[in-house]
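>>> Coordinates for the following, if possible.
(one chain, ligands or ions: 1)
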Amino acid sequence: MPSEPVIELDSVGVDYHTATGTVTGVHSVSLAVAGEGMTVLAGPSGSGKSTLLRVAALVERPTRGSVRFAGVDTAGLRDRGLRALRRDRVGLVFQRPTDNLVDYLSVGGNLHAAARSARRDCDAEAILDRLGLAGTADWHISALSGGQQQRLAFGCALARGSTVILADEPTSQLDDASADLVLRTLTDLMDSEHAILVASHDDRLVELGDRVVRLRAGRLEGQTS
Ligand SMILES: Nc1ncnc2c1ncn2[C@@H]1O[C@H](COP(=O)(O)OP(=O)(O)OP(=O)(O)O)[C@@H](O)[C@H]1O
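Now for the predicted structure:
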């Protein structure tokens, strides 16, 4: 039986006000992110993937339309409520590995800091083991490859106890071998009880998705599942 959606975007539109006028990044997009498995937002550059990901991650409010997250209509939440929902449920991974990590903390220190930010404890060794990074807890993060750093970024989402993991182009800054590490981590997470939403134009990642939402010029072009 298909799982209940964890995020539902209904007729979402996003405008950006720039010095030269208003730019509409997303026109009117409706989509649902299933409560398990991986949904991929695919499309060429400028199609609105990152914008929709930020809206789905509760980082940005839409200009128009509604966002339901875990059954909650987020329009009714003040910024504080939105932050709490994000803290308790959302793990966000950006495209540049170093943007996801604290550079003066060790590998294990990053996991513990992530857990603390969600007011939790974590079993750092168990997470590192799961990520294929056993024995690196005391290492400085610069000792990890880009792919390993990106794996650790997903580990931070696990340390936070995030049930919804969103990633914006997580392989785009990596060479093929490092991207492979990230794809393997995503495959592992897809087999567990997480909802994953990834924005990407990496064909290998798109092929991995349980559902693919294709965007073009800020509009929904099609969906496969
Ligand atoms: N902060 C902003 N100010 C103005 N325009 C923006 C802003 N962010 C996004 N846009 C515009 O919104 C549209 C969608 O951008 P978005 O970054 O969401 O696309 P994308 O599919 O993620 O592209 P890419 O793959 O290049 O990251 C583009 O036309 C972009 O120029």
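
>>> check contacts around the residue sitting nearest the centre point of the chain.
If you average the C-alpha coordinates of the chain and look for the closest C-alpha using CA atoms, centre = their mean, you land on L166, 1.3 Å from that point. Taking CB atoms under 8 Å, 6 or more residues apart in numbering as the contact definition, L166 lies against 53, 56-57, 90-93, 196-198. (C-beta placed from N, C-alpha, C; glycine too.)

>>> Let's see that with 7 Å instead.
Applying CB atoms under 7 Å, 6 or more residues apart in numbering, one finds that L166 lies in contact with 53, 56-57, 90, 92, 197.

>>> just S225 next, same as before
For S225, the contacting residues are 210-211, by CB under 7 Å, 6+ apart.

>>> From A115, how far off is it?
Going from S225 to A115 by CB to CB, to the nearest Å gives 33 Å.

>>> just R204 next, same as before
Computed as CB to CB, the R204 to A115 distance reads 30 Å.

>>> So is stretch 79-98 next to the ligand?
No - contact check for stretch 79-98 against the ligand, using CB under 6 Å from any ligand atom: none in range, with a minimum separation of 8.3 Å.

>>> what about the residue of the chain found nearest the ligand, how many neighbours?
Of all residues in the chain, G25 sits closest to the ligand, at 2.8 Å by CB to the nearest ligand atom. Other residues near G25 number 19, with proximity taken as other CB atoms under 10 Å.

>>> ok so, going back, and the contacts of L166, which two are furthest apart?
Taking CB to CB, the two most distant members of the contacts of L166 are L53 and V90; they sit 11.0 Å apart.

>>> about what we covered before: so what's the predicted local confidence for the nearest residue to the residue of the chain closest to the ligand once chain neighbours are set aside?
Here the nearest residue to G25 in space, its sequence neighbours aside, is T51; by CB to CB, 6 or more residues apart in numbering that works out to 4.2 Å. The pLDDT attached to T51 in the predicted structure is 97.

>>> Name all residues that make contact with T51.
Applying CB under 7 Å, 6+ apart, one finds that T51 lies in contact with 14, 25-26.

>>> Is it possible to get JSON lines of these that adds secondary structure, pLDDT and distance to L158?
Formatted as JSON lines, the contacts of T51 follow (DSSP: H, G, I helix; E, B strand; the rest coil; pLDDT from 0 to 100; distance: CB to CB, whole Å):
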{"residue": "V14", "secondary structure": "strand", "pLDDT": "98", "distance to L158": "29"}
{"residue": "G25", "secondary structure": "strand", "pLDDT": "95", "distance to L158": "30"}
{"residue": "V26", "secondary structure": "strand", "pLDDT": "97", "distance to L158": "29"}
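
>>> Just name the closest of these to R83, please.
Closest to R83 out of those is V14 (19.6 Å), distances taken as CB to CB.

>>> so V23 touches Y16, yeah?
Yes - the pair V23 and Y16 passes the contact test of CB atoms under 7 Å, sitting 4.6 Å apart.

>>> so the residue of the chain closest to the ligand makes contact with A217?
No - between G25 and A217 there is no contact under CB under 7 Å: 10.0 Å.
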